[in-house]
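K.L.:
Following is a predicted model, sequence given first.
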Amino acid sequence: MLRLLQAEWIVDLTTRADREGKHAEYANRYDRSELKQANLKELNMQIDRGYRVRARRAPRLDAPPLPRGATAYGWQRARR
């Protein structure tokens, strides 16, 4: 859960950039950043080690509707 909370800032950042029409500017900055280079290095190292992420099964299309506030994978959205 801690890693999820630590990663929420990127969702907020990209959502804000999109709403402000700055998504292309942010993407271009990331393309030129040291962070991207470090992320690619880590990704390639993980792939070389044979690391694979297990895909989650998609929710059934014929499943009953989810309760209000629930997500397809059972996480509860934070109420604001």
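P.N.:
Received the coordinates, thanks.
K.L.:
Using the three-state scheme, assign Pro65.
P.N.:
At Pro65 the chain is in coil, as set by DSSP: H, G, I helix; E, B strand; the rest coil.
K.L.:
and it, how many neighbours?
P.N.:
6 (other CB atoms under 10 Å). In short, each C-beta sits where N, CA and C put it, glycine included.
K.L.:
So which elements touch the helix ranked longest in the chain?
P.N.:
Counting by DSSP state H, the longest helix found in the chain is helix 2-19. With contacts defined as 3 or more CB pairs under 8 Å, 6 or more residues apart in numbering; DSSP states H and E, helix 2-19 has these neighbours: helix 23-31.
K.L.:
Counting by contacts, list what the helix it packs on packs against.
P.N.:
Here helix 23-31 touches helix 2-19, going by 3+ CB pairs under 8 Å, 6+ apart.
K.L.:
got the angle for the helix it packs on vs helix 23-31?
P.N.:
With axes from the mean of the first three to the mean of the last three CA atoms, to 10 degrees defining the directions, helix 2-19 sits at 130 degrees from helix 23-31.
K.L.:
when you give positions from now on, start the count at 36
P.N.:
That works, and once the first residue is 36, the last one we named lands at helix 37-54.
K.L.:
Would you mark the buried spots in helix 37-54?
P.N.:
Ala52 (16 or more other CB atoms under 10 Å).
K.L.:
could you give me the average pLDDT of it?
P.N.:
For helix 37-54, mean pLDDT rounds to 80.
K.L.:
what's that helix in contact with?
P.N.:
For helix 37-54, contacts defined as CB atoms under 8 Å, 6 or more residues apart in numbering pick out 58, 60-61.
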